[in-house]
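Novice: Show me how the following folds:
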Amino acid sequence: MAQKIQRPKGFNDVLPAEIGWWHRLEDAARRVFGGYGYDEIRTPILENTELFARAVGAATDVVEKEMFTFNDREKRSLTLRPEGTAGVVRAYVENGLAQNEPSSRFWYAGPMFRHENVQAGRFRQFSQIGVEAFGARAPRVDAEVLIMVRDYLDAVGIRGVDLRVSSLGDAKCRPAYKQELQTFLRGVAGELCDDCKRRIETNPLRVLDCKNERCRAATAKAPRMLERLCDECRAHWDEVTRTLKLAGVAFTVDPDIVRGLDYYVRTSFELIHVGEGLGAQKAIGGGGRYDGLVRELGGPDVPGVGFGLGVERMVMVLDAQEKKSDRPKPKIVFLAPLGPAAADRAMALARDLRAAGLRVEMDYDAKEKGLGNTLNKADRRAATIAVILGADELARGIVKVKDLRSGAQVEHEIASLVGVVKGMLGD
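Specialist: The predicted model follows:
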């Protein structure tokens, strides 16, 4: 026997028993985000490496350590996308939308790739659902994005999520804060891990995001950006939080939010799950404002704000919240033709049922005296309804329709089958 080929570490299969959660998340995104005026966009999973180096930040962990980067046959450096925002901004600029439709709103869903240490809730291929809103600087847009993400989580049924918000300042107030922070960090450098010692000069804000307990203790009294905002950033922050309170959206002010990507300014936020299901990785998503990113990637000076949600992490939460019996399952109509003649007629009936939008499966190997075996197959497939058609039924122009939930079985004329089945399924 040939040796089995296994999937690479950190890359997972999504099996049919799990796909219902994914459909729920994607359908809710289409419905909720569409209600706020967002259109779906799909960008390539492969981009020129320069895009992420310029957008995400050359000194970030994502660019320095985590990207899947390689040279193609023409020696061009390409990267599997590690996050969604940069690609959406590139598409927005490259396709002329930044000039023709500066106030654009997009949502997306798809796989991302980072070479991380694999653990529960953290994979090397992971999927995100996210949104990007371009063209508005008003703090109310930030608040609306936060309200929308709350509406989305409510729509999919995810409970126990703490919305944590902060402000990262902007180009006016952050440079002075950065210098103050570097001065503080140099004074405690001996207590920091090697990565954080290096970040003091290259990306000091990331030191505050280190998960090492020694580093967290050493930076407990470090200055925070939220305490050093300029007047404009303070006014923006006050308006965002005021609007959230008016909307009745609960949130927690968290001055330790840094975010791992360089493009964020002003409003930043994370969504932390406080219940069971995620293990050590409690964040299910985050985002914020990135007013200079479009300009950095060759477009006009158009502001932006958005977020990304981890699909696998949301699935883990739903799995922990709901019983396996509550998982979304398709309603299956199972055709049980008994004999060759019945099988021919069942093929035509299957097309009629599918044309009506129903999911139909059939036992192609059913024998004339094998009804019990066929119904066992229907049970294994978790079918909702079985349609039984044998020589006797065919001669009388009828079918037997069995509700596999209640066990009730009735006869109906073949011509009325579609309407009968749809009525039983509630469709």
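Novice: the domain parsing of this protein - what is it?
Specialist: Here the domain assignment for the chain is 19-173+229-321, 332-425, based on automatic domain parsing.
Novice: and the shortest one, how far from the chain's centre?
Specialist: Taking CA atoms, centre = their mean, to the nearest Å, one finds the center of domain 332-425 at 38 Å from the center of the full chain.
Novice: and what of the longest one?
Specialist: Between the centre of domain 19-173+229-321 and the centre of its chain there are 10 Å (CA atoms, centre = their mean).
Novice: Endpoint to endpoint, it covers what distance?
Specialist: Criterion CA to CA, to the nearest Å; first-to-last residue distance in domain 19-173+229-321 is 16 Å.
Novice: Over to the shortest one?
Specialist: Looking at domain 332-425, the gap from its leading to its trailing residue is 9 Å under the measure CA to CA.
Novice: pLDDT below threshold where in the protein?
Specialist: For the chain, the stretches flagged by pLDDT under 70 are 58-59, 259-262, 276-281, 323-328, 366, 368-369, 427.
Novice: wait, residue 292 sits on residue 265?
Specialist: Yes: at 6.7 Å, residue 292 counts as touching residue 265 under the criterion of CB atoms under 8 Å. Just so you know, the C-beta spots here come from the backbone N, C-alpha and C atoms, and that holds for glycine as well.
Novice: so what sits against both of the two?
Specialist: residue 171 (CB atoms under 8 Å, 6 or more residues apart in numbering).
Novice: what ranges do the helices span in the stretch 151-300 of the chain?
Specialist: 174-187, 194-202, 213-218, 231-246, 293-296 (DSSP state H, counting those that start in this stretch).
Novice: Burial-wise, tell me which of these comes out on top.
Specialist: Most buried of the helices of the stretch 151-300 of the chain, by mean neighbour count (mean count of other CB atoms under 10 Å): helix 293-296, with a mean of 20.
Novice: same for it, what does it pack against?
Specialist: Applying 3 or more CB pairs under 8 Å, 6 or more residues apart in numbering; DSSP states H and E, one finds that helix 293-296 makes contact with helix 49-55, helix 85-94.
Novice: Using PDB, write out every CA atom in it.
Specialist: Presented in PDB, the C-alpha positions along helix 293-296 are these (Å, rounded to 0.1, in the frame of the first residue of the first chain):
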ATOM      1  CA  LEU A 293      -2.600  53.700   4.000                       C
ATOM      2  CA  VAL A 294      -4.200  54.500   0.700                       C
ATOM      3  CA  ARG A 295      -1.700  57.300   0.100                       C
ATOM      4  CA  GLU A 296       1.100  55.000   1.100                       C
END
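Novice: one step back: looking at residue 292 and residue 265 now, which is surrounded by more residues?
Specialist: residue 265 (25 against 18; other CB atoms under 10 Å).
Novice: who are the neighbours in contact with the nearest residue in space to the more buried one that is not next to it in sequence?
Specialist: Distance criterion CB to CB, 6 or more residues apart in numbering; nearest residue to residue 265, sequence neighbours excluded, is residue 170 at 4.6 Å. Counting by CB under 8 Å, 6+ apart, residue 170 makes contact with 230, 232-233, 265-266, 291.
Novice: Among these, which one sits closest to residue 47?
Specialist: Nearest to residue 47 among the contacts of residue 170: residue 291, at 21.8 Å, using CB to CB.
Novice: which one is that closest one nearest to, not counting chain neighbours?
Specialist: Using CB to CB, 6+ apart, the closest residue to residue 291 is residue 303 (4.1 Å).
Novice: What number of residues are in the vicinity of that neighbour?
Specialist: Using other CB under 10 Å, the number of residues around residue 303 comes to 21.
Novice: cool, the one 3 residues further on as well?
Specialist: For residue 306, the neighbour count with other CB under 10 Å is 23.
Novice: Enumerate every residue touching it.
Specialist: With CB under 8 Å, 6+ apart, residue 306 has these contacts: 85, 88, 130-133, 145, 287-288, 290.
Novice: Make a markdown table out of those and add distance to residue 4 and neighbour count.
Specialist: What follows is the contacts of residue 306, written out as a markdown table (distance: CB to CB, whole Å; neighbours: other CB atoms under 10 Å):
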| residue | distance to residue 4 | neighbour count |
| --- | --- | --- |
| 85 | 38 | 25 |
| 88 | 38 | 23 |
| 130 | 35 | 24 |
| 131 | 40 | 27 |
| 132 | 41 | 27 |
| 133 | 46 | 24 |
| 145 | 45 | 24 |
| 287 | 40 | 26 |
| 288 | 44 | 26 |
| 290 | 44 | 27 |
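Novice: and of the residues you listed, the nearest to residue 381?
Specialist: Nearest member of the contacts of residue 306 to residue 381, counting by CB to CB, is residue 130, at 34.9 Å.
Novice: Going by secondary structure, the closest one is in what exactly?
Specialist: Secondary structure assignment for residue 130, by DSSP states H and E: strand 125-134.
Novice: For that strand, C-alpha coordinates in PDB please.
Specialist: Taking Å, rounded to 0.1, in the frame of the first residue of the first chain, the C-alpha atoms of strand 125-134 are listed here in PDB:
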ATOM      1  CA  GLN A 125      -3.700  28.900   6.800                       C
ATOM      2  CA  PHE A 126      -6.700  30.700   8.400                       C
ATOM      3  CA  SER A 127      -9.800  32.400   7.000                       C
ATOM      4  CA  GLN A 128     -11.000  35.900   7.700                       C
ATOM      5  CA  ILE A 129     -14.200  37.800   7.200                       C
ATOM      6  CA  GLY A 130     -13.600  41.600   7.100                       C
ATOM      7  CA  VAL A 131     -14.700  45.000   6.000                       C
ATOM      8  CA  GLU A 132     -13.100  48.100   4.700                       C
ATOM      9  CA  ALA A 133     -14.700  51.600   4.500                       C
ATOM     10  CA  PHE A 134     -13.000  54.300   2.500                       C
END
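Novice: so which of the contacts of residue 306 comes closest to residue 20?
Specialist: Checking those against residue 20 with CB to CB, the nearest one is residue 130 at 21.4 Å.
Novice: ok, the closest one touching residue 108?
Specialist: Yes: Residue 130 is in contact with residue 108 according to CB under 8 Å; the separation is 5.7 Å.
Novice: State the number of residues packed around the residue nearest to residue 10 when sequence neighbours are not counted.
Specialist: Leaving aside its sequence neighbours, residue 10 sits nearest to residue 124 (CB to CB, 6+ apart; 3.0 Å). Neighbour count of residue 124, defined by other CB under 10 Å: 19.
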